[in-house]
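J.: Output the structure for:
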Amino acid sequence: MTVNDRLQWVGAAAIIAGHVLNAMGPVAYPWNIVAFFCGTVAFLVWALRVANRPQLLVNVVAMVISIVGLVRAFG
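T.: Take a look at the predicted model:
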């Protein structure tokens, strides 16, 4: 398995974890944001490695939104 494959699987697992935590409701806050942030980082690195510009844009926007959420959650 290549590094790019691993990055995609790590990103997928983290994004799935974020959705599972979202489904749990407020008890999972702010760990849902942390999970989405980790998934976004993995997919951002992957998008940079493979020069996938649309995915890069999606992940930059998601990263900004995640950072705002983390700052609000952890002060």
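
J.: ok, which stretches of the chain are helices?
T.: Counting by DSSP state H, the chain has helices at residues 3-24, 31-50, 53-74.

J.: now stretch 23-33: how far from the chain's centre is it?
T.: Offset of stretch 23-33 from its chain centre (CA atoms, centre = their mean, to the nearest Å): 14 Å.

J.: can you pull the buried residues of it?
T.: Buried residues in stretch 23-33, counted by 16 or more other CB atoms under 10 Å: 28, 32, 33. To be clear about C-beta, it is placed using only N, CA and C from the backbone, and glycine gets the same treatment.

J.: Most tightly packed of the helices of the chain?
T.: Counting by mean count of other CB atoms under 10 Å, helix 31-50 has the highest mean neighbour count of those, with a mean of 19.

J.: Show me what that one is packed against.
T.: When contacts are defined as 3 or more CB pairs under 8 Å, 6 or more residues apart in numbering; DSSP states H and E, helix 31-50 packs onto helix 3-24, helix 53-74.

J.: Just the angle for that helix relative to helix 3-24, thanks.
T.: Here helix 31-50 points in a direction 160 degrees away from that of helix 3-24 (axes from the mean of the first three to the mean of the last three CA atoms, to 10 degrees).

J.: now helix 31-50: how far from the chain's centre is it?
T.: 4 Å.

J.: State the mean pLDDT of that helix.
T.: Helix 31-50 carries an average pLDDT of 96.

J.: Let's see that helix as PDB, backbone CA atoms only.
T.: C-alpha atoms of helix 31-50 as PDB (Å, rounded to 0.1, in the frame of the first residue of the first chain):
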ATOM      1  CA  TRP A  31     -14.200  15.400  19.500                       C
ATOM      2  CA  ASN A  32     -16.300  15.400  16.400                       C
ATOM      3  CA  ILE A  33     -14.400  18.500  15.300                       C
ATOM      4  CA  VAL A  34     -11.100  17.000  16.100                       C
ATOM      5  CA  ALA A  35     -11.900  13.900  14.000                       C
ATOM      6  CA  PHE A  36     -13.000  16.000  11.000                       C
ATOM      7  CA  PHE A  37      -9.800  18.100  11.400                       C
ATOM      8  CA  CYS A  38      -7.600  15.000  11.400                       C
ATOM      9  CA  GLY A  39      -9.400  13.700   8.300                       C
ATOM     10  CA  THR A  40      -9.100  17.000   6.600                       C
ATOM     11  CA  VAL A  41      -5.300  17.100   7.300                       C
ATOM     12  CA  ALA A  42      -4.900  13.600   5.800                       C
ATOM     13  CA  PHE A  43      -6.800  14.500   2.700                       C
ATOM     14  CA  LEU A  44      -5.100  17.900   2.400                       C
ATOM     15  CA  VAL A  45      -1.700  16.200   2.400                       C
ATOM     16  CA  TRP A  46      -2.900  13.700  -0.100                       C
ATOM     17  CA  ALA A  47      -4.300  16.400  -2.400                       C
ATOM     18  CA  LEU A  48      -1.000  18.200  -2.300                       C
ATOM     19  CA  ARG A  49       0.900  15.000  -3.100                       C
ATOM     20  CA  VAL A  50      -1.200  14.200  -6.100                       C
END
